[in-house]
Every structure is written in structure tokens, then in C-alpha cells.
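S.K.: Build me a structure from this.
(2 chains)
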Amino acid sequence: AQSVSQHNHHVILSEAASLELGCNYSYGGTVNLFWYVQYPGQHLQLLLKYFSGDPLVKGIKGFEAEFIKSKFSFNLRKPSVQWSDTAEYFCAVTINTGTASKLTFGTGTRLQVTL
Amino acid sequence: GAVVSQHPSWVICKSGTSVKIECRSLDFQATTMFWYRQFPKQSLMLMATSNEGSKATYEQGVEKDKFLINHASLTLSTLTVTSAHPEDSSFYICSVTPNKGEQYFGPGTRLTVT
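M.R.: Next up is the predicted model:
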């Protein structure tokens, strides 16, 4: 079964600092990769996704992620964080089977942006 | 994307009673829905895959007789927590998958069993 690892459990940054959150998965086949964000008191929202093609994926709110197949990684980045980016970030993966498939989530990274 | 609603958003029940949680797909017909459970400050754990018109598929370790899932229509799936106990207190979230890849999540239902 596939698994997802997020090594940063809690990250604290000042506004305007750059962000990189690590995500590694374990599955040798074709995968779909996602980053979801959960703002305090809100439901999960899709930040960005990778299915195929350009490994550098741009999402909403200035976020991007790069799929590096050789490293089984899909790290999330943002050049300059804002206080409003304070949230929980989850990396997730599905096996690309062409049918509705199950999401496996990482443990999440809590990002706290200070003013 | 897709719009998903859940009802109720918060429920408190006494130990031993049953609670039903509804998940509705508001803007498309969902043959498959997923039910997750999220403990405080933890990640989402998939409980089961709800299939319209057929039995749900449960993940290993999830008691199907305790967490009853019914997906009677293309827009509604229900999760019933039977004989609830305090350890069942959690945040229950459903999702739909319009594109067989990405999933869109409901706002969740917070269950507190006293």
C-alpha cells in the first residue's frame, strides 16, 4: 500500500519568508499527487494537483509544487508567505487507476505565519 | 470543483445512541463518495468508500456494523454511527470525486459522544 510522509510537523515563519514543505510518497507506479489546505475552522480545500505533464505545478494563492519522480517527492513552495497562509497543509496521493481511487494523506504540516 | 454539504455540522449524543450524518453532492451526481475520520490535530483516515446502489467498501480495522453507510442516491450518502461511545467522538468528513482523481470535501461533522 502507498504511504505519504510529511517530515515537517510544525513550521513557524515570519511574513514574507519563503516556504518549502516536504512530501514523499512510497509507491512505484503512476500516482496522482495533491496538496490540500485546511484553514482554521474550515474544510479541506485543494491547493494544487499533479496528474501528468509539466512536473512544476502552480496552484492557487501563489503556491507551487514540483514533482520529482526519482525522489518520490512533491514538495510545496511559496516564495513569500502571508499571515493568511496560517493553516494545516496535507499532501496526498492516489494511485492512478483511471477510476475513483482512494486518497492517502500525509500526517499534515501546521504552518504558523507570524507578523 | 464540486460542492459538498454535510448535515449536521455538529452533534452531541449520549453513549449508546445512534447518530446519522448526511453527505450531499450539490452540483453533480456522485457514484462514489468517501468517508474520512479526523482526530484533533491529526490527518484524515479513510474509513470507507461509499458506492451508489451497492455495499460500501470498508478500510481495514473499520467496523462495518458500527459505521453503517448507505448511498441510496447519486447525491446522498449517509453514515450512521451505531451505539456510539465516547471514543467515537471525532470529526467525520465526506468527499466526492467528480474527475476520478481529485476529491472535494464537505465541511465535516463534529460528533461528541457523552
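S.K.: Now stretch A:66-77: buried residues?
M.R.: By neighbour count on 16 or more other Cβ atoms under 10 Å in any protein chain shown, the buried set for stretch A:66-77 is A:Glu66, A:Phe67, A:Phe72, A:Ser73, A:Phe74, A:Asn75, A:Leu76. The C-beta positions use only the backbone N, C-alpha and C, and glycine is treated the same way.
S.K.: before we move on, what about stretch A:44-51?
M.R.: Applying 16+ other Cβ under 10 Å to stretch A:44-51 flags A:Leu44, A:Leu46, A:Leu47, A:Leu48, A:Lys49, A:Tyr50, A:Phe51 as buried.
S.K.: now stretch B:92-105
M.R.: Buried, per 16+ other Cβ under 10 Å, within stretch B:92-105: B:Tyr92, B:Ile93, B:Cys94, B:Ser95, B:Val96, B:Thr97, B:Pro98, B:Gly101, B:Glu102, B:Gln103, B:Tyr104, B:Phe105.
S.K.: okay, among these, which ones form the most distant pair?
M.R.: Spatial extent of the buried residues of stretch B:92-105 (Cβ to Cβ) is set by the pair B:Tyr92 and B:Gly101 at 23.0 Å.
S.K.: Let's see the pLDDT reported for residue 107.
M.R.: By default, I'm working from chain A. pLDDT, A:Thr107: 92.
S.K.: oops, I was thinking of chain B
M.R.: 93.
S.K.: for it, what are its contacts?
M.R.: By Cβ atoms under 8 Å, 6 or more residues apart in numbering or on different chains, the contact set of B:Pro107 is A:Gln42, A:His43, B:Val4, B:Ser5, B:Gln6, B:Ser9.
S.K.: where's the residue nearest the centre of chain B, which helix or strand?
M.R.: Ranked by distance to the mean C-alpha position of chain B (Cα atoms, centre = their mean), the top residue is B:Trp35 at 3.8 Å. Per DSSP states H and E, B:Trp35 falls inside strand B:32-38.
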